[in-house]
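In: A structural model of the following input is requested.
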Amino acid sequence: MARSAKKCDKNMAEQKAKLKKAMEQGNMEGAKIYAQNVIREKNQSLNFLRLGSRIDAVSSRLETAIRMQEVNKAMTQTVKGMSNAMKSMQVEQIANTMQDFEKTFEDMDVRSGYMESTMESTTSMTTPPEEVDNLMKMVADEAGLELAGQLDTPGSNEVATGSSAAVETKADPASELEARLAALRG
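Out: Residues are numbered from 1 along each chain as shown. This next block holds a predicted model:
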């Protein structure tokens, strides 16, 4: 499952490069498609990781079942040992047997807790369309492109390079952050 997740991550990187190229060429429709592919690959990677985690959880459950069989055998031996100890009333032997039993029981608790935390961490995720726009804005910022409301107008093919805006924002990082915040607010 980890290999499949890595393959999806590689595909995601390829689609992101295509997204950047489409945006540089002013192809906003193509860019949206590539952005959707990036998010789809990301989700598929996460799903593979979740599936791997679930397989690990099942494996952990099987291991717990095997440990429970071992505990049952240990308890049987403990009962036999306790019966023999009771016959001879050797207190030290009883104490040693009980310590072994407690140690085995604590090990089982730790493994069970790990299994439960693994199962709780698996959840499903949906991708809202806003993520596509946010990803496109992030790639545009990295490439130095301005979208200027083009995300809302699918037929627009104008993409301007922000060389003068980039010079201004490098001079004042606070104004750059304010401009990004204003762009996100719409």
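In: where in this protein is pLDDT low?
Out: Applying pLDDT under 70 to the chain picks out residues 85, 89-90, 115, 117-129, 146-171, 173, 186.
In: what about the helices in it?
Out: 2-24, 28-88, 91-120, 129-143, 163-171, 173-185 (DSSP state H).
In: would you reformat these as a markdown table and include mean neighbour count?
Out: The way it works is simple: take the backbone N, C-alpha and C, and place the C-beta from them, glycine included. Shown next, in a markdown table, are the helices of the chain (neighbours: other CB atoms under 10 Å):
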| stretch | mean neighbour count |
| --- | --- |
| helix 2-24 | 16 |
| helix 28-88 | 15 |
| helix 91-120 | 13 |
| helix 129-143 | 17 |
| helix 163-171 | 11 |
| helix 173-185 | 11 |
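In: contact partners for residue 31?
Out: 19, 22-23, 136 (CB atoms under 8 Å, 6 or more residues apart in numbering).
In: again, but for residue 142
Out: residue 20.
In: could you number the chain from 15 rather than 1 from now on?
Out: Yep, numbering from 15; the last one is residue 156 now.
In: now it: how far from residue 100?
Out: Look at residue 156 and residue 100: by CB to CB, to the nearest Å, they are 76 Å apart.
In: do the same with residue 115
Out: Plainly put, residue 115 is 15 Å away from residue 100 if you go by CB to CB.
In: touching, residue 111 and residue 92? I think so.
Out: Yes: using CB atoms under 8 Å, residue 111 is in contact with residue 92, at 5.2 Å.
In: report the central residue of this structure.
Out: residue 60 (5.6 Å; CA atoms, centre = their mean).
In: pick the one among the contacts of residue 45 closest to residue 128.
Out: Residue 128 lies nearest to residue 33 out of the contacts of residue 45, by CB to CB, at 39.4 Å.
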